[in-house]
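Visitor: sequence first, predicted coordinates after that:
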Amino acid sequence: AERFQKVLITGGAGFIGSNYVHYALTHHPTWEIVVIDKLTYAGNLDNLKDVSDRITFIEGDIANPEDVEKAVNGVDAILNFAAESHVDRSLRDPLPFIRTNIEGTLLLLEAARKHQIKRFLHVSTDEVYGDLVGSDRHSLETDPLSPRSPYAASKAGAEHLVFSYGISYGLDVVITRGSNTYGPYQYPEKIIPLFVTNALESKSLPIYGKGEAVRDYLYVEDHCSGIDTVLHAGESGNAYNIGARVQINGIEVATTVLGLLDRPESLMQYVSDRPGHDYRYSVDPSAAETLGWERKWDFKRGIAQTVAWYQQNADWWQAVKDKKVFQEHYKEWYAR
Ligand code: NAD
């Protein structure tokens, strides 16, 4: 039998949140699903178009107590995906990151405590560990948090609040620390959808510095199944890494995408590096694997599937890229 009946998914109109809504409707067909999303530039109701009649959607802000009160009514689990999520934007304008990622998480925790929610799952990131450059080790959940960008700092701050509610109030909390995620419905400011859609438009692919920063690329469906595993089997008060055990740098991402789309490597364009760029993240996902989670998609299959999705869904990303909010950030950021 299902442990949860009614589940609140915050940020469910964003990239990973909307993928998780689709995942949950397949794997937990008895769940009543409520989504709260502020529909920022990154939120997109098109991501939920095909399932809109199977969920309750609330347009609202997790940093607004009235919106949160409305959203948590009657739910027995909260999954917090909502966040300002783009490192580059956090370098230009950090305040919204503090408001949504820290204050928003705090309001959700307060509501969870008041309403005696059964479980609070907070979606965090491997970026809280900071840079592993110069070492060949993989971050463990017991490592200290050492965030280095305003985005990562806001996510680490949120984590501390989540843990504190577990300790101070006995709230049942779990945290996932997923690695760099890619797949359908990802806003095209992030590296993979940016490279894929630029390549499709025969525009250049902007590569930071020498393109040597490495990430552990995780296909979104694997990230969703990892979150689902931790929701059901994770030990209260614990964090779990979710990663694909791969190390891929920017040049490899670009050449793979260009190869799949049969575009020339002359489209690669080196641009000034991100300030304070972290050169290596890598997590050890053994603890999540012990819970029964396993990665199903390797990079070769995942990237091929992703490229195919963007090829077949040009309407989706063209509408996003046509908007002023996309173009302004792009122009100003890469003209730095
Ligand atoms: P996203 O930017 O695509 O989606 C975020 C969603 O949250 C959007 O729909 C947005 O409208 C919504 N939102 C923002 N502020 C809100 C607010 N105040 N109230 C309600 N909704 C709000 O981001 P994503 O890539 O899907 O990331 C989802 C979560 O996963 C985030 O918490 C992020 O930190 C985490 N994460 C992302 C990655 C990655 O590689 N993308 C990796 C690990 C962890």
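Guide: All right, it came through fine. Numbers count the residues shown, from 1 in each chain.
Visitor: do you know how far residue 262 is from residue 316?
Guide: According to C-beta to C-beta, to the nearest Å, residue 262 stands 22 Å off from residue 316. In this view, the C-beta of every residue, glycine as well, is placed from N, C-alpha and C.
Visitor: report the closest residue of the protein relative to the ligand.
Guide: Per C-beta to the nearest ligand atom, the residue of the chain with the smallest distance to the ligand is residue 14, at 2.0 Å.
Visitor: quick check: pLDDT value at that residue.
Guide: Per-residue confidence (pLDDT) for residue 14: 98.
Visitor: and it, how many residues sit next to it?
Guide: For residue 14, the number of neighbouring residues by other C-beta atoms under 10 Å comes to 25.
Visitor: how far away is it from residue 85?
Guide: Residue 14 is 7 Å from residue 85, by C-beta to C-beta.
Visitor: now do the shared contacts for these two.
Guide: residue 42 (C-beta atoms under 8 Å, 6 or more residues apart in numbering).
Visitor: returning to what we had before: looking at residue 262 and residue 316, which is more packed in?
Guide: When residue 262 and residue 316 are compared for neighbours, residue 316 comes out ahead with 19 against 7, by other C-beta under 10 Å.
Visitor: dihedrals phi and psi, the residue of the chain closest to the ligand?
Guide: Backbone torsions of residue 14, given as degrees, to the nearest 10, read phi -90, psi -170.
Visitor: can you name the residues of the stretch 1-150 of the chain that neighbour the ligand?
Guide: 10-11, 13-17, 36-40, 42-43, 61-63, 81-85, 100, 104, 123, 125 (C-beta under 6 Å from any ligand atom).
Visitor: how about the nearest residue to residue 287, chain neighbours excluded?
Guide: residue 240 (5.4 Å; C-beta to C-beta, 6 or more residues apart in numbering).
Visitor: just residue 103 next, same as before
Guide: With sequence-adjacent residues excluded and distances taken as C-beta to C-beta, 6+ apart, residue 103 is closest to residue 63, at 4.7 Å.
Visitor: surely the one you found forms part of a helix?
Guide: No. Assigned with DSSP: H, G, I helix; E, B strand; the rest coil, residue 63 falls outside any helix and is coil.
Visitor: count the neighbours of it for me.
Guide: Applying other C-beta under 10 Å, I find that residue 63 has 21 neighbouring residues.
Visitor: cool, and the one 3 residues further on?
Guide: Neighbouring residues of residue 66 were enumerated by other C-beta under 10 Å; the total is 9.
Visitor: now for the particular helix or strand that has it in it, which elements pack on it?
Guide: Remark: residue 66 resides in helix 65-72, with elements defined by DSSP states H and E. Counting contacts by 3 or more C-beta pairs under 8 Å, 6 or more residues apart in numbering; DSSP states H and E, helix 65-72 is packed against strand 6-10, strand 32-37, strand 56-59, helix 105-114.
Visitor: for burial, what's the neighbour tally of residue 177?
Guide: Residue 177: 28 neighbours (other C-beta under 10 Å).
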